[in-house]
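Peer 1: Requesting a structural model of the entry that follows:
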Amino acid sequence: MGYIVRRLAYGVLVMILVVVTITGIIFLAPVDPAQLTFGQRSDVSTVKAKTAELGLDQPLYVQLGKYLADISPVSVLSQSAENQHKYHAYPLFALGNGEALVVKVPYLRESYQTGRPVTEILANAIPATALLAGTAMLLATMLGLILGTVAALRPHTWIDHFVSVISVFGYSLPSYVAAMLFALVFGYALGDWTGLEIQGSLYVLSDFGEWQVRWQNLILPALALGLRPVALITQLTRSAMLDVLSQDFVRTATAKGLSHKVVVVKHALRNAMNPLVSAISGWFAALLTGAFFVENVFNFKGLGDATVNALLNFDIPVVLGCVLFTSAVFIVINLIADLLYAWLDPRVKM
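Peer 2: From the prediction side, this is the model:
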């Protein structure tokens, strides 16, 4: 339990450093978010009023401090009706001068461009990206484990060489290049035969104004996104399995009369999973938060689409919200991976 608490404390520190770094880069950039909100034809007085409303006329350290207070679950707030509605706070005890120490839901503010809460934008974008990344990672893990195990059981044969060539090719091909190739080949050239489209999101508005789920639009992005992970998992599985299969306990299990399947699956593969857990957890976090280019190619409306649009429009709250979610995903998945090490390998202790 103490280990988990320490790791979570480190995670909070990492998120604070991420916010400080990204905030510094964004706020020091020579772009005026208030000007972008109104367009190029807005007058000076309107822009100044909007700048003051957003708090962009204050020093950087003041803006940073207020944002950290907004996203913190524990903060000091004045007990006004506006703050109660905005922060959904629960007061712990009063501090005087109308202020109190409160527990609240982290407040990610509102979009400069649309006025929508950032939490609402993320809630609409994350499920599609999570489904895409999860599907891609599931396919990559299954194929990688199967191909790597087969290659390790048949070393230095044509099967091993073929798997190695395919995995090196897959890892060398960037995801966005694979996405464009899949879109052109399976969505355009063979579209009539495959029934797949070049572009399309998971949720599509029908001619009758109803939202429909098109599962076929998940196939090509998932394949493009999972191509590099399956290559890496294949190589790691092969290397780890070759090392484990040469260990004494595997020979002992075989000598005891256990079937080849039991020796490979129950003994060899489980002991080879630690490096695979690192790769799978790292890649899943990267897929979940970094599918920007693939989503762009297929016009797949998810977290990548929301982040790119926010960057183009210099929508600071949305950008920071996406970055915070990305950081949180990496922290949580790394913690889960560390716990899996101890579960898979008795030699690893917390």
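Peer 1: Please make it C-alpha for all contacts and neighbour counts, starting now.
Peer 2: OK.
Peer 1: Spit out the contact partners of Val230.
Peer 2: By C-alpha atoms under 8 Å, 6 or more residues apart in numbering, the residues touching Val230 are Leu139, Ala140, Thr141, Leu143, Gly144, Ser167, Gly170.
Peer 1: so what's the third one closest to, chain neighbours aside?
Peer 2: In other words, Thr141. Val230 (6.3 Å; C-alpha to C-alpha, 6 or more residues apart in numbering).
Peer 1: how close does that neighbour get to Leu145?
Peer 2: Plainly put, Val230 is 8 Å away from Leu145 if you go by C-alpha to C-alpha, to the nearest Å.
Peer 1: Check Leu269 too.
Peer 2: 9 Å.
Peer 1: now swap in Ala130 and tell me
Peer 2: Distance, Ala130 to Leu145, using C-alpha to C-alpha: 22 Å.
Peer 1: How about Ala94?
Peer 2: 57 Å.
Peer 1: More neighbours: which of the two?
Peer 2: More crowded of Ala94 and Leu145, by other C-alpha atoms under 10 Å: Leu145, with 21 against 15.
Peer 1: Whichever strand or helix holds that one: which residues count as buried?
Peer 2: For Leu145, the element it lies in under DSSP states H and E is helix 118-153. Neighbour-count burial for helix 118-153, counted by 16 or more other C-alpha atoms under 10 Å, picks out 118-119, 121-122, 125-126, 128-141, 143-153.
Peer 1: And the residue nearest to Leu288 when sequence neighbours are not counted, how close does it get to Gly170?
Peer 2: Using C-alpha to C-alpha, 6+ apart and skipping the chain neighbours, the partner closest in space to Leu288 is Ala133 (5.0 Å). Separation of Ala133 from Gly170 (C-alpha to C-alpha): 17 Å.
Peer 1: I'd like to know which elements the helix holding Leu145 is packed against.
Peer 2: helix 158-172, helix 219-245, helix 273-290, helix 303-312, helix 316-344 (3 or more C-alpha pairs under 8 Å, 6 or more residues apart in numbering; DSSP states H and E).
Peer 1: Centre of the chain to stretch 191-205, how far?
Peer 2: Stretch 191-205 has its C-alpha centroid displaced from the chain centroid by 24 Å (C-alpha atoms, centre = their mean, to the nearest Å).
Peer 1: nope, stretch 77-93 is what I was after
Peer 2: That offset, for stretch 77-93, works out to 32 Å (C-alpha atoms, centre = their mean).
Peer 1: and if you look at stretch 208-227?
Peer 2: Mean C-alpha position of stretch 208-227 versus that of the full chain (C-alpha atoms, centre = their mean) differs by 18 Å.
Peer 1: isn't Gln199 right next to Phe298, touching?
Peer 2: Yes: using C-alpha atoms under 8 Å, Gln199 is in contact with Phe298, at 4.3 Å.
Peer 1: Buried residues in stretch 301-308, which are they?
Peer 2: For stretch 301-308, by 16+ other C-alpha under 10 Å, it's Lys301, Gly302, Leu303, Gly304, Asp305, Ala306, Thr307, Val308.
Peer 1: Pull the contacting residues for the closest residue to the third one other than its chain neighbours.
Peer 2: If I follow you right, that is Leu303. Distances taken as C-alpha to C-alpha, 6+ apart place Ala125 nearest to Leu303, at 4.8 Å, with adjacent residues excluded. For Ala125, the contacting residues are Lys301, Gly302, Leu303, Ala306, by C-alpha under 8 Å, 6+ apart.
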